[in-house]
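*Asks:* Provided below are the primary sequence and the corresponding predicted coordinates.
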Amino acid sequence: MKGENSIAIHPWIHSFSNQQSREHQLRTVRIPDIVPGGIPPTADFSMVAGDFLDIYSSPKESEIYDAVVTCYFIDTAKNIFQYLEVLWNCLAPGGVWINHGPLLYHFEGMKNEMSVELNLEELRAVAKTMGFIFEHETMMKSTYTSNETSMLQCKYPQLLVDKEFDEEEKRFKTCVPCLYLMVTPTNDENQTLSFVSRFEAKVEKLHREAKGYLDAVRAMTVAQQRMAETVDHFYDEGGALGYAGLQYKQAVEKLDEECRNELDSNCRITVLEPLGKLIQTFPDFNEAIKKRQKKLLDYDQLLSKSRKLAEKPSNDPQAYPIVCVISSCANGADESKIVFQAQAATNQAKEIYDSINTQLVTEIPRLIDLRVPYLDPSFEALVKSQLVFNEGAYHKLKEIERAFEKSGVGSGADGDMFEGKIEGVLQQMRELSICGSL
């Protein structure tokens, strides 16, 4: 490919319907607007073929992307909940998701195909529940593989603009709509909330790894015992290394006993139990975070209804029964009272949300700050327990090393000498007539 706009094509030359003129039908389009080969060699650019869910839900893709852009994509999902989960999985803390495109669900109505279709309001609510924060949302004119001069223009149905942006709603009320979202899972408040789940995951991982360490050491000492028993049977009691074999067996038995009675016990008391108690504090925070998300959705829905009512008042007194002062309004009541009722319900929902949110935003940083002084003693105890155990193992095995020196078979750790000794013994085996094949 020579460069930008180096190839000329005529996309509509065989299309005769809805053409305004022959010039429009024959007009030229030049490609490519960007040359892939012109990307700097230092750029991390690649293409991946496969299923989005299979590729990007893997652990190696977790939290590694600062930004994810989806263009005319999310409506290709059979289950859009899974797409949102994978997008969240991919984003690093502070990452941004930018989406452009409609909700023209590809599998809707297809026989023998599962399809979950959410409208825009439902999609926004689900995304917020997962932890996404909508930083900006607007409508913009957009086409998809269309002929801009054609007499027939296919347009997507009007979508709702974010109600927080009234001016944008008026401005784009007549636009051909394609949803443009900039979504981030972290701002000041949401980043604080996300710390809880990340902190919980790290503590649980540390608890698993600590337990795995104890299990591994225990398995090691058991395996050493089995080896020692086998080695001990190799040597005659009066042989040069007979006593060393017995010493080794006694040493690893002692190591196994110390592992069970000292290392295991100390680590469980000073590491595993404190981590377990810390893990037990997270359910309360998680429940409060879920409650916050629910109250945020309640407030968002009431705010939406309140604004709609302000534009087109309702005479239904049961629309907002939460406000007792006006609950006695009958059909045909004064419209201003109904609007006031809606606003009061919205304000009450906001107060409930603000109360829970303030509590979380205040107390979660305190929880995070306390993690270091809480874990410091456990970390110190873990290191000291390992040090004592490994020093004891060193001294026990060091005593056995002297038996090799006294027997005259020492220095086996030297690579060349070790191979020489093995080869010498192997040669003697080869000289045996029954072992001629060695």
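*Replies:* Arrived safely, thanks for sending.
*Asks:* Let's verify the residue positioned nearest the centre of the chain: helix, strand, or coil?
*Replies:* Geometric centre of the chain, nearest residue: residue 89, 3.4 Å, by Cα atoms, centre = their mean. At residue 89 the chain is in helix, as set by DSSP: H, G, I helix; E, B strand; the rest coil.
*Asks:* and the closest residue to it other than its chain neighbours, how far is that from residue 129?
*Replies:* Excluding the flanking residues, the one nearest residue 89 by Cβ to Cβ, 6 or more residues apart in numbering is residue 62, at 5.4 Å. Every C-beta, even on glycine, is put in place using the N, C-alpha and C of the backbone. Going from residue 62 to residue 129 by Cβ to Cβ, to the nearest Å gives 20 Å.
*Asks:* And the residue nearest to residue 89, how close does it get to residue 434?
*Replies:* Taking Cβ to Cβ, one finds residue 62 at 60 Å from residue 434.
*Asks:* swap in residue 354?
*Replies:* Applying Cβ to Cβ, the value for residue 354 to residue 434 is 90 Å.
*Asks:* Then residue 385?
*Replies:* Relative to residue 434, and taking Cβ to Cβ, residue 385 is found at 52 Å.
*Asks:* Tell me where the stretch 101-250 of the chain has helices.
*Replies:* Secondary structure of the stretch 101-250 of the chain by DSSP state H, counting those that start in this stretch: the helices cover 120-130, 166-171, 188-234, 242-258.
*Asks:* Contacts only, for residue 210.
*Replies:* 267, 271-272, 275, 382 (Cβ atoms under 8 Å, 6 or more residues apart in numbering).
*Asks:* Go again with 10 Å.
*Replies:* The contact partners of residue 210, by Cβ atoms under 10 Å, 6 or more residues apart in numbering, come to 267-268, 271-272, 275, 378, 382.
*Asks:* go on, residue 233?
*Replies:* Counting by Cβ under 10 Å, 6+ apart, residue 233 touches 245, 249.
*Asks:* low pLDDT regions in the stretch 301-438 of the chain?
*Replies:* 309-337, 339, 406-418, 435-438 (pLDDT under 70).
*Asks:* rewinding a little: and residue 354 and residue 434? Which one has more around it.
*Replies:* residue 354 (13 against 7; other Cβ atoms under 10 Å).
*Asks:* Make sure that one is actually in contact with residue 362.
*Replies:* No: using Cβ atoms under 10 Å as the test, residue 354 is too far from residue 362 to be in contact (11.9 Å).
*Asks:* Do a quick rundown of the strands in the stretch 1-150 of the chain.
*Replies:* In the stretch 1-150 of the chain, the segments counted as strands under DSSP state E, counting those that start in this stretch are 7-9, 29-31, 65-71, 91-101, 133-140.
*Asks:* Can you give me the pLDDT of the closest residue to residue 106 other than its chain neighbours?
*Replies:* Of all residues not flanking residue 106 in the chain, residue 76 sits nearest, at 5.1 Å (Cβ to Cβ, 6+ apart). On the pLDDT scale, residue 76 is placed at 92.
*Asks:* Could you do the one 5 residues further on as well?
*Replies:* Model confidence at residue 81, expressed as pLDDT, equals 91.
*Asks:* Please renumber the chain so that the first residue is 16 from this point on.
*Replies:* Noted, 16 is the first residue going forward, which turns the last one into residue 96.
*Asks:* Please report how far it lies from residue 141.
*Replies:* Relative to residue 141, residue 96 is positioned 7 Å away (Cβ to Cβ).
*Asks:* Check residue 302 too.
*Replies:* 20 Å.
*Asks:* Who has more neighbours out of the two?
*Replies:* The neighbour comparison of residue 302 against residue 141 (other Cβ under 10 Å) goes to residue 141, with 15 against 10.
*Asks:* Next up, the contacts around that one.
*Replies:* Contacts for residue 141 were tallied using Cβ under 10 Å, 6+ apart; they are 95-96, 99, 133, 147, 312.
*Asks:* Go again with 7 Å.
*Replies:* Shown in contact with residue 141 (Cβ atoms under 7 Å, 6 or more residues apart in numbering): 96, 99, 133.
*Asks:* So which of those wins on neighbours?
*Replies:* residue 99 (21 neighbours).
*Asks:* Got the confidence number for it?
*Replies:* On the pLDDT scale, residue 99 gets 93.
*Asks:* for the one 5 residues further on, same thing?
*Replies:* Per-residue confidence for residue 104 comes out at a pLDDT of 89.
*Asks:* Excluding covalently adjacent residues, which one is nearest to residue 392?
*Replies:* residue 285 (7.1 Å).
*Asks:* still on that earlier bit, now the contacts of residue 141 in JSON lines, with distance to residue 360?
*Replies:* Shown next, in JSON lines, are the contacts of residue 141 (distance: Cβ to Cβ, whole Å):
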{"residue": "96", "distance to residue 360": "29"}
{"residue": "99", "distance to residue 360": "29"}
{"residue": "133", "distance to residue 360": "25"}
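*Asks:* now, among those, which is nearest to residue 434?
*Replies:* residue 99 (60.3 Å; Cβ to Cβ).
*Asks:* Could I get the contacting residues of the closest one?
*Replies:* 141-142, 145.
*Asks:* List just the nearest of those to residue 155.
*Replies:* Closest to residue 155, out of all of the contacts of residue 99 and judged by Cβ to Cβ, is residue 142, at 19.2 Å.
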